[in-house]
Structures are given as structure tokens and as C-alpha cells.
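Visitor: here are the coordinates; sequence isn't available:
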């Protein structure tokens with residue numbers, strides 16, 4: 001093919017042959033004749049690009065609407081005018097012509113491109129990237145040029161706008177990834193971290209400035225790091241077994257703790273560079289829940305299989321689907337026929353007892369039910385007394401899944417109940433006999449008390465008369481003997497009263513007469529009663545009993561016996577010339593009385609038992625001190641009957657303090673009028 005430049009210089013008047021037929025593919029192959037321009041013009045006008053058709057002499061033949069819009073010219077103004085002179089600025093025509101003709105001569109293809117500035121009608125320059133297509137006739141002869149181009153400024157603006165949109169979308173994406181509730185981590189092809197969102201910081205404990213640029217192996221337990229070697233090669237060949245899948249691995253926090261996580265990995269290319277993304281969820285709670293569920297299932301399975309009760313499951317149609325060994329034993333089915341006889345058994349269709357069928361229907365309606373009666377087993381023709389507890393099984397979605405039943409064979413219990421009922425009848429008869437005996441005992445004790453105290457009264461009375469000299473003067477020895485007789489008779493009386501009181505309290509028939517009392521007077525009476533013993537041992541009595549102490553309500557005789565016993569113990573267990581201190585105060589609506597001595601004291605292991613019946617600190621046959629072990633027991637009973645408390649504090653060799661609290665009598669305000677009424 002001859003050089004186009006030469007054609008321009010030598011063939012200015014050469015006529016061109018035009019084909020008579022229009023080739024439909026000529027727009028795309030470069031074979032476009034003048035006859036086809038009218039047909040092509042309609043197509044060119046639809047194209048959003050600058051299009052100019054020039055002949056071999058570089059004169060304008062056709063221009064499309066986009067080119068008219070950009071240049072400001074229409075075809076009538078520039079037709080048959082040289083396009084260089086019309087569109088190319090004068091200062092750049094030479095270089096554009098050189099490029100144009102150089103490409104035309106050297107290019108063996110039918111198309112090439114030329115960058116230049118086009119001058120619009122208004123004088124504005126438009127940067128253009130022109131694509132030049134050499135038009136040929138069918139005989140391969142040159143037939144002109146098709147110039148197509150785009151405004152570079154517009155294209156660059158569009159590219160900048162597109163880049164801005166992409167950047168904005170990237171910012172949105174990064175903002176979304178930063179605020180995502182799951183951890184998002186990106187790395188480059190070598191496995192070094194390039195993105196680290198807020199959730200990743202919270203999950204692993206690393207701040208962004210600590211982790212960006214670090215290898216992914218930093219958040220992997222050491223035992224798994226070997227598996228990460230060769231990651232970039234695996235990804236590059238596109239055959240990774242992990243990309244596109246969700247799988248579970250173990251993560252490593254900054255503090256060294258490990259935790260289970262769920263990870264999904266994706267791979268992408270940006271401007272030719274490979275990036276890997278990991279989307280991570282902490283599944284510690286889920287794993288714990290699964291573990292607890294497994295433990296729960298195992299526990300249930302163990303309970304199900306090892307339970308001493310019979311257990312069976314049934315579906316929503318009332319068909320038995322599972323049972324344990326004890327259920328098989330209870331209903332009496334042979335072990336070899338369990339699968340055929342029990343599994344698949346429809347209870348609603350086959351049970352004869354309407355009560356148990358009703359219970360099953362109730363459970364299948366979602367309501368717990370109970371059955372207790374003799375059960376006619378269809379598996380063995382046995383009649384078994386059973387108690388069955390039915391419960392519906394509801395799924396997490398609220399769907400009824402059937403039910404479960406716990407069965408207890410109470411054959412033995414029923415026999416035991418019958419035996420117990422029989423025993424209860426016998427016991428009732430024996431109780432009636434005991435009541436009769438108790439009445440006889442009360443009568444006997446009443447008579448016994450009368451018979452024992454009757455001879456004691458004259459003994460005590462005559463002893464006191466003789467001791468006081470009313471029946472004649474006594475010698476010193478006689479006086480001492482009478483004193484011992486008096487003390488012994490008093491001790492005998494207290495012994496009789498103690499035994500009778502214990503007997504009466506066990507029968508629950510002690511009658512107390514509660515009246516208002518001054519505690520100080522009761523204590524003084526008890527001291528007077530024990531004065532002979534106090535005098536004989538030369539004890540010092542110190543009293544602090546305020547006269548303004550509130551009244552108490554109590555039985556005079558029984559309370560007097562309490563303080564007689566307590567003072568007698570203090571005198572008895574305190575060596576000669578000892579001291580006994582008796583004090584009382586009012587605290588929290590109670591009278592708190594203390595009897596403190598400096599006697600022998602009590603061991604720690606004994607002090608907890610001294611209020612027990614018949615308990616004696618020295619219980620040997622050679623014990624130094626007398627007594628029957630009932631004194632403090634009776635004191636405790638009487639004080640508690642008065643809604644009070646009694647306890648002891650003691651130290652061996654130092655002494656003992658007995659504490660007694662009794663409620664103060666509440667003032668009667670019913671008859672007191674208010675100040676307003678009195679006025």
C-alpha cells in the first residue's frame with residue numbers, strides 16, 4: 001500500500017471508484033464508501049462520541065451530532081473544508097500532521113490513535129484522543145478516514161468522578177467494617193495485617209497501631225502457626241480448601257488466652273494486588289452452651305437408663321418411641337420382645353383403662369397429667385399398682401413433640417401402707433390403753449405426793465419448834481442434831497417435789513398460776529429459805545435489786561423454787577466464807593437477773609449439759625456434793641414456761657454466773673385516759 005502522504009501530494013485530482021453495493025459490516029471493518037455515508041450518518045448521530053469523516057485529501061465529508069455539539073459547527077459550515085485548518089490550532093498543526101501522516105504510512109493496520117487539541121468554533125481548545133480508522137474500498141484502495149474521539153477532559157473528569165465515587169464507597173465500606181459486630185481482618189498476600197476493625201480490637205485485645213503490619217500468626221496459637229506457611233501460594237493457585245467456607249479454629253488473645261472462633265475467609269484482587277479477608281465470630285458462649293447441652297444430655301441419658309423408676313417417651317400420636325429397662329420390668333414384658341411389643345405401641349388405641357387414656361390425651365393437649373391406680377398391662381397380662389406422671393415435651397419453637405412419662409410400681413408401698421394402717425389401728429388401741437394408764441399414773445402421783453408430804457409436814461413443824469426451843473431448851477449437840485433434821489426434811493421435800501414435777505411435765509399437765517410479782521421479793525423469799533445453809537458456811541451475800549424494777553407475771557411457788565435451787569447450788573459449790581452476788585437490771589423490756597459466786601466453777605465440756613435432766617458434773621459414787629441432777633433441769637423448764645431464758649457462764653476454779661431473763665409485765669393502758677380527756 002502506498003504512503004498516504006504521497007497520495008496527498010501526487011493524486012490530488014485522482015478519481016476514486018465507489019462501490020455500488022453497501023456492505024453491512026463496513027462500519028466495523030473500515031470498508032466505508034461515500035455511498036454508504038448517508039446510511040452511516042443516522043448511526044453516527046446515535047453514538048456519544050466525536051465522529052468526523054474525511055476524504056483522502058483530508059476534507060470534511062460528514063460530522064455527527066456529538067461532534068457538532070462539541071465544536072459548534074454544522075456540516076454546512078465545514079463540508080469540503082480541510083479538517084486540519086478547521087479544527088487544529090495553528091501552533092500545533094505541524095506536529096499533528098506529522099503524527100497523522102507518520103502513523104498512516106507506518107501502520108499496517110487499518111486503525112491507530114492520535115492525541116491532539118481540537119479548536120471549536122468559539123475558539124475553545126478541546127483535548128481529544130482521536131482514533132483514526134482508514135476507510136477502504138472493496139478493492140482495498142484508500143477511501144478516506146473515520147476520526148472518532150472523546151473529550152479527554154470530560155473523560156478525565158468522569159474518571160475522577162468515578163474514582164471519587166469509588167473512594168466514597170470505600171469509605172462507606174470501611175466505616176461499615178469498622179462498626180461491624182463481628183471481627184474483620186484483612187491481610188496482604190504475604191499474610192501481614194492491613195485492616196483491623198473495632199470488634200477485632202475488643203476480641204483479641206490488640207490496638208490497631210500494635211497489630212497493623214504484623215503477621216497473622218500473631219493471633220494464632222503456636223501449635224497452629226505451621227499450618228499458615230505457604231498461605232500466599234495456596235491462595236494464588238485458587239485451590240485453597242478454606243476460602244469460601246466457614247470453619248472453626250482457635251484464636252490467641254494478647255493476654256495469652258485461647259478461645260474458639262468461627263471464621264470465613266475471602267480473597268480479592270485490587271489493582272493487581274491480592275488481599276485476604278477474614279470475618280470472625282467469637283463462639284465461646286455457643287461452645288459452652290453446646291458443652292452444657294452435651295453434659296445435660298449425658299446426665300439425662302444416665303438418669304434415663306439408671307433410674308429406679310420406669311421412663312418412656314411417646315410421640316404426638318401416643319405411640320411409644322423409647323423406654324428404659326425398668327419400665328420393661330414394671331410392665332412385665334419379656335426382654336426379647338421389647339422392640340416388637342413396646343416400641344411402636346399406640347397407647348390411645350390399645351389401652352383399655354379410660355383413665356390412663358384420658359391422661360395421655362391431656363398431655364397431648366399440652367397439659368401435665370397424673371394416673372394412679374391398678375394398671376392392666378397389655379404386655380404381660382399383669383395387674384400392677386402404678387403411679388404415672390405425664391409431662392408434655394415442647395420444642396424451643398413451641399411445637400408439641402409428644403410426652404414423657406415416669407412410672408413407679410408401688411406394689412411394695414401399697415403393702416407397706418396396708419401394714420402401716422393396721423399398725424396405726426393397733427397403735428391407736430395401745431394409745432387408749434396408755435391414756436388409761438396415764439390417768440392412773442396421775443392419780444397415783446397425786447396420792448403419792450399427798451402420802452409423802454403428809455408425814456413430812458409434822459416432822460418439819462416439830463423440828464422447827466424444837467430447834468427454836470418452844471418445847472424446851474436443847475443442848476448444843478441436840479440443837480445441831482435438830483438443825484440437821486430440819487435440813488434433811490427440807491431436802492427430802494425438794495426431792496419429792498422435783499420427782500413429781502418431772503413426772504408432771506412429761507405428761508404436759510403442769511398448771512401455773514400467773515400473777516404480778518416483784519422479782520426482788522421472790523429472790524428475798526428464796527434467800528430466807530436458804531439462810532441456814534448460808535449462815536452455816538459463813539457466806540457473804542451481796543444484793544443489787546433496785547426497788548423500781550418492773551413487775552413480772554409468774555407463778556410465785558414455782559419461781560421461788562427456781563431461785564431456791566439456784567441459790568442452793570451457789571451455796572453448795574462455794575467454799576466456806578465465799579461470796580455470792582445477786583443483781584438485776586431492766587433491759588429491753590426484760591428483767592435480767594444474775595447469781596454470781598466465787599466457787600469451784602464448771603469445766604467447759606460440762607457447762608453445755610448442766611441443764612439436762614439427771615446430769616451431774618460429778619457423777620461418781622464417791623462424789624463430794626449431793627443432789628439428783630434435776631435442779632437446773634427443773635429451773636430451765638419453769639423459766640421457759642414463763643417465756644424467759646436461763647444460761648450459765650463459768651470458769652474452773654473462779655466461779656459461776658447463772659443468768660435468768662424474764663419478760664417485764666406490760667403496763668395496762670386500757671383504763672388510762674388521754675391528756676385531752678383528762679382536761
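Guide: Nice, I can see it. The shown structure was predicted, so the numbers you read here are calculated from the model rather than taken from an experiment.
Visitor: just list whatever residues bridge to the closest residue to residue 370 other than its chain neighbours.
Guide: Closest residue to residue 370 apart from its sequence neighbours, by CB to CB, 6 or more residues apart in numbering: residue 389 at 5.7 Å. Where you see a C-beta, it was placed from the backbone N, CA and C, and this is true even at glycine. Going by DSSP bridges, residue 389 is paired in beta bridges with residue 370, residue 406.
Visitor: what's the neighbour count on residue 389?
Guide: 16 (other CB atoms under 10 Å).
Visitor: show me what contacts it?
Guide: Neighbouring residues of residue 389 by CB atoms under 8 Å, 6 or more residues apart in numbering: 368, 370, 405-406.
Visitor: rerun at 7 Å
Guide: 370, 405-406 (CB atoms under 7 Å, 6 or more residues apart in numbering).
Visitor: who touches stretch 304-324?
Guide: Under CB under 7 Å, 6+ apart, the answer for stretch 304-324 is 326-327, 330, 342-348, 360, 364, 400-408.
Visitor: buried ones only from the residues you listed, please, as a PyMOL command.
Guide: Only the buried members of those end up in this PyMOL selection, burial being decided by 16 or more other CB atoms under 10 Å:
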select buried, resi 326+327+330+342+345+347+360+364+402+403+404+405+407+408
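Visitor: in strands, which of the contacts of stretch 304-324 fall?
Guide: Assignment to strands by DSSP state E places the following of the contacts of stretch 304-324 there: 400-408.
Visitor: confidence score at the residue nearest to residue 370?
Guide: With respect to pLDDT, residue 389 scores 92.
Visitor: what's the answer for residue 368, then?
Guide: pLDDT, read off for residue 368, is 93.
Visitor: can you give me the helices for the stretch 501-650 of the chain?
Guide: In the stretch 501-650 of the chain, the helices defined using DSSP state H, counting those that start in this stretch lie at 519-529, 531-536, 556-572, 604-607, 631-641.
Visitor: only the buried residues of the shortest one, if you could.
Guide: Spelled out, that is helix 604-607. Going by 16+ other CB under 10 Å, helix 604-607 has these buried residues: 606-607.
Visitor: same question, stretch 41-55
Guide: Buried-residue list, stretch 41-55, by 16+ other CB under 10 Å: 41, 44, 50-55.
Visitor: check the gap between residue 526 and residue 48 for me.
Guide: As defined by CB to CB, to the nearest Å, residue 526 lies at a distance of 127 Å from residue 48.
Visitor: ugh, wrong one, I meant residue 590
Guide: According to CB to CB, residue 590 and residue 48 sit 108 Å apart.
Visitor: and the lengthiest helix in the chain, what other elements does it pack with?
Guide: Secondary structure assigned by DSSP state H gives helix 411-468 as the longest helix of the chain. The helices and strands touching helix 411-468, judged by 3 or more CB pairs under 7 Å, 6 or more residues apart in numbering; DSSP states H and E, are strand 383-394, helix 476-507.
Visitor: got the angle between it and strand 383-394?
Guide: 100 degrees (axes from the mean of the first three to the mean of the last three CA atoms, to 10 degrees).
Visitor: if we can go back for a sec, nearest to residue 264, out of the buried residues of stretch 41-55: which one, please.
Guide: The closest of the buried residues of stretch 41-55 to residue 264 turns out to be residue 50 (CB to CB; 48.7 Å).
Visitor: which pLDDT value belongs to that closest one?
Guide: 90.
Visitor: next one: phi and psi at it?
Guide: Per-residue torsions, residue 50: phi -70, psi 120 (degrees, to the nearest 10).
Visitor: if I pick residue 196, what's in contact with it?
Guide: 185, 208, 211-212.
Visitor: now with 6 Å?
Guide: Neighbouring residues of residue 196 by CB atoms under 6 Å, 6 or more residues apart in numbering: 208, 211-212.
Visitor: just the buried subset of the residues you listed, please.
Guide: Listed as buried from the contacts of residue 196 are residue 211; burial here means 16+ other CB under 10 Å.
Visitor: doesn't residue 164 fall inside a helix?
Guide: Yes - judged by DSSP: H, G, I helix; E, B strand; the rest coil, residue 164 forms part of a helix.
Visitor: from residue 154, how far off is it?
Guide: Counting by CB to CB, the gap from residue 164 to residue 154 is 15 Å.
Visitor: the more surrounded of the two?
Guide: Neighbours per residue (other CB under 10 Å) separate residue 164 from residue 154, with residue 154 holding more: 13 against 10.
Visitor: need the pLDDT of that one.
Guide: Residue 154 is assigned 73 on the pLDDT scale.
Visitor: what strand or helix carries it?
Guide: According to DSSP states H and E, residue 154 maps onto helix 152-179.
Visitor: tell me the helices and strands packed up against that helix.
Guide: strand 125-136 (3 or more CB pairs under 6 Å, 6 or more residues apart in numbering; DSSP states H and E).
Visitor: so where do the strands sit in the stretch 251-400 of the chain?
Guide: Here the stretch 251-400 of the chain has its strands, by DSSP state E, counting those that start in this stretch, at 258-270, 273-282, 310-314, 320-323, 369-376, 383-394, 400-409.
Visitor: nearest spatial neighbour of residue 67, skipping sequence neighbours?
Guide: residue 50 (4.5 Å).
Visitor: correct me, but that neighbour touches residue 147?
Guide: No - applying CB atoms under 6 Å as the test, residue 50 and residue 147 come out as separate, 7.6 Å apart.
Visitor: picking that back up, in a markdown table: the helices and strands packed on helix 411-468, plus distance to residue 262.
Guide: Supplementary listing: these in a markdown table, determined by distance: least, CB to CB, whole Å:
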| stretch | distance to residue 262 |
| --- | --- |
| strand 383-394 | 29 |
| helix 476-507 | 74 |
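Visitor: among these, which gets the worst mean confidence?
Guide: Here the lowest mean pLDDT among those goes to helix 476-507, at a mean of 73.
Visitor: just to revisit the earlier point, which one of the helices and strands packed on helix 411-468 lies nearest to residue 463?
Guide: Among the helices and strands packed on helix 411-468, helix 476-507 comes nearest to residue 463, with 4.6 Å by CB to CB.
Visitor: helices of the stretch 1-150 of the chain, residue ranges please.
Guide: Using DSSP H, counting those that start in this stretch, the helices of the stretch 1-150 of the chain run over 4-10, 26-29, 37-44, 65-71, 75-78, 83-87, 93-106.
Visitor: so where's the stretch 451-600 of the chain shaky on pLDDT?
Guide: For the stretch 451-600 of the chain, the stretches with pLDDT under 70 are 451-453, 498-509.
Visitor: please apply the same query to the stretch 301-450 of the chain.
Guide: Using pLDDT under 70, the flagged stretches of the stretch 301-450 of the chain are 303, 438-439, 441-450.
Visitor: for residue 574, give me its contacts.
Guide: Counted by CB under 6 Å, 6+ apart, residue 574 has contacts 597, 599.
Visitor: look up how far residue 487 lies from it.
Guide: Using CB to CB, we find residue 574 at a distance of 17 Å from residue 487.
Visitor: could I get the ones in strands among the contacts of stretch 304-324 in CSV, plus columns for distance to residue 256?
Guide: As requested, the ones in strands among the contacts of stretch 304-324 are exported to CSV (distance: CB to CB, whole Å):
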residue, distance to residue 256
400, 49
401, 45
402, 48
403, 50
404, 46
405, 51
406, 48
407, 53
408, 53
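Visitor: nearest to residue 92 among the residues you listed?
Guide: Closest approach to residue 92 among these (CB to CB): residue 401, at 86.5 Å.
Visitor: touching, that closest one and residue 392? I think so.
Guide: No - using CB under 6 Å, residue 401 is not in contact with residue 392; the gap is 8.2 Å.
Visitor: what touches both of the two?
Guide: What both residue 401 and residue 392 touch, as defined by CB under 6 Å, 6+ apart, is an empty set.
Visitor: lovely, talk soon.
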